[in-house]
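Chemist: Quick one, what's the 3D model for this:
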Amino acid sequence: MSKKCARCDKTVYPIEELKCLDKTWHKLCFKCQVCNMTLNMRNYKGFNKQPYCEAHIPKAKATTMAETPELKRIAENTKIQSNVMYHAEFEKAKGKFTQVADDPETLRIKQNSKIISNVAYHGELEKKKAMEQKRVMKGENGEPVSDNDETAGHLNQLTTPPTRQVGSIADLDPVNEYYGSLTSDYRAPSGNYNNHNLAQPPPPQSNHNQGTGRTYRAMYDYDAQDNDEVSFRDGDLIINCTPIDEGWMTGLVERTGQTGMLPANYVEPAN
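Modeler: Numbering: from 1, shown residues only. Next comes the predicted model:
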């Protein structure tokens, strides 16, 4: 029995046979039912066992359902349940955040705020960088040295004289209003205070052997920071040195004839 084409109803020979959609077709008869475009097994779309192209395949339509009492009840229950869940989520998130619609104006303001924040941040960085560049330290020779020079920073710590006012507990006598070197405007004791008479320098002595203390030689320049301290220069001989506190001593500068307190780490024993 010969096969018939589903479109032209003529005999289909094996060399031109095409089987698709449970039917037999001539290859040239396998066309779209609307525009008659020749189709193949790759681009056809089937609907009710008829071939169609992509553009003309019939679209499925929604089925209309009758609104029965049961459907109304289900829809009402679904609405109530969704409202309950919405209010529960709303109460849970109340006060935590405020939702803002991402309209073009809001996005523009947000972008401008971000740009301004970045500019302010980088401006602060530039300001700090400029301030760091202005900071300088002085070395032993008094010339400015960059902060990045670690050796100069270490040298500055070693050569900078202490700025604190050093005194001994023995210098305090609040009853007679005598506070020693702890105040810049202290007065000399009015009574008999032999142990505190550091403010009265002894007469200059030129002979090293006349004093009972040791003799030291200055390694650095030092400027007095208080009334009871003494200034000296590198290489000066300091005689009659007597330790009075940790890191401090009293002595007579031979070059100037002045007696007072001096830092012990600025001098070394003379040979």
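Chemist: Can you tell me the strand partners of the longest strand seen in the chain and which way each runs?
Modeler: If you go by DSSP state E, the chain has its longest strand at strand 237-245. Using DSSP bridges, the strands paired with strand 237-245 are strand 214-218 (antiparallel), strand 248-253 (antiparallel).
Chemist: How about that strand, which residues are buried there?
Modeler: Buried residues in strand 237-245, counted by 16 or more other Cβ atoms under 10 Å: 237-241, 244. The way it works is simple: take the backbone N, C-alpha and C, and place the C-beta from them, glycine included.
Chemist: ok, back up a step: what's the closest of the strands paired with strand 237-245 to residue 33?
Modeler: strand 248-253 (114.3 Å; Cβ to Cβ).
Chemist: Give me the buried positions along the closest one.
Modeler: Applying 16+ other Cβ under 10 Å to strand 248-253 flags 248-253 as buried.
Chemist: thinking again about what came up before, out of the strands paired with strand 237-245, which gets nearest to residue 67?
Modeler: Residue 67 lies closest, by Cβ to Cβ, to one member of the strands paired with strand 237-245: strand 248-253, at 104.6 Å.
Chemist: I'd assumed residue 58 was in a strand, is it?
Modeler: No - secondary structure of residue 58 (DSSP: H, G, I helix; E, B strand; the rest coil): coil, not part of a strand.
Chemist: What ranges does the stretch 1-150 of the chain have for its helices?
Modeler: 69-93, 104-134, 150-159 (DSSP state H, counting those that start in this stretch).
Chemist: Redo those as JSON lines? Include mean pLDDT.
Modeler: As requested, those are exported to JSON lines (pLDDT from 0 to 100):
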{"stretch": "helix 69-93", "mean pLDDT": "84"}
{"stretch": "helix 104-134", "mean pLDDT": "80"}
{"stretch": "helix 150-159", "mean pLDDT": "51"}
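Chemist: which of these is buried the deepest?
Modeler: helix 150-159 (a mean of 13; mean count of other Cβ atoms under 10 Å).
Chemist: Mind splitting this structure into its structural domains?
Modeler: 3-52, 135-163, 169-269 (automatic domain parsing).
Chemist: Can you flag the weakest of these by average pLDDT?
Modeler: Lowest mean pLDDT within the domains of the chain: domain 135-163, at a mean of 50.
Chemist: Pretty sure residue 229 sits against residue 266.
Modeler: No - counting by Cβ atoms under 8 Å, no contact exists between residue 229 and residue 266, whose distance comes to 11.2 Å.
Chemist: Compare the two (neighbour count), which wins?
Modeler: Comparing residue 229 with residue 266 by other Cβ atoms under 10 Å, the one with more neighbours is residue 229, at 21 against 18.
Chemist: Bridge partners for that one, pull those for me.
Modeler: Under the criterion used here (DSSP bridges), residue 229 is bridged to residue 261.
Chemist: how close does it get to residue 251?
Modeler: To residue 251, residue 229 is 11 Å away according to Cβ to Cβ, to the nearest Å.
Chemist: so who does residue 19 touch?
Modeler: By Cβ atoms under 8 Å, 6 or more residues apart in numbering, the contact set of residue 19 is residue 25.
Chemist: which strand residues sit across from it in the sheet?
Modeler: In this entry, residue 19 is beta-bridged to residue 24, by DSSP bridges.
Chemist: quick revisit: need the overlap of contacts for residue 229 and residue 251.
Modeler: 260, 262.
Chemist: follow-up on the earlier one: could you say which one of the strands paired with strand 237-245 comes nearest to residue 31?
Modeler: Within the strands paired with strand 237-245, the stretch nearest residue 31 is strand 248-253; the backing value is 114.9 Å (Cβ to Cβ).
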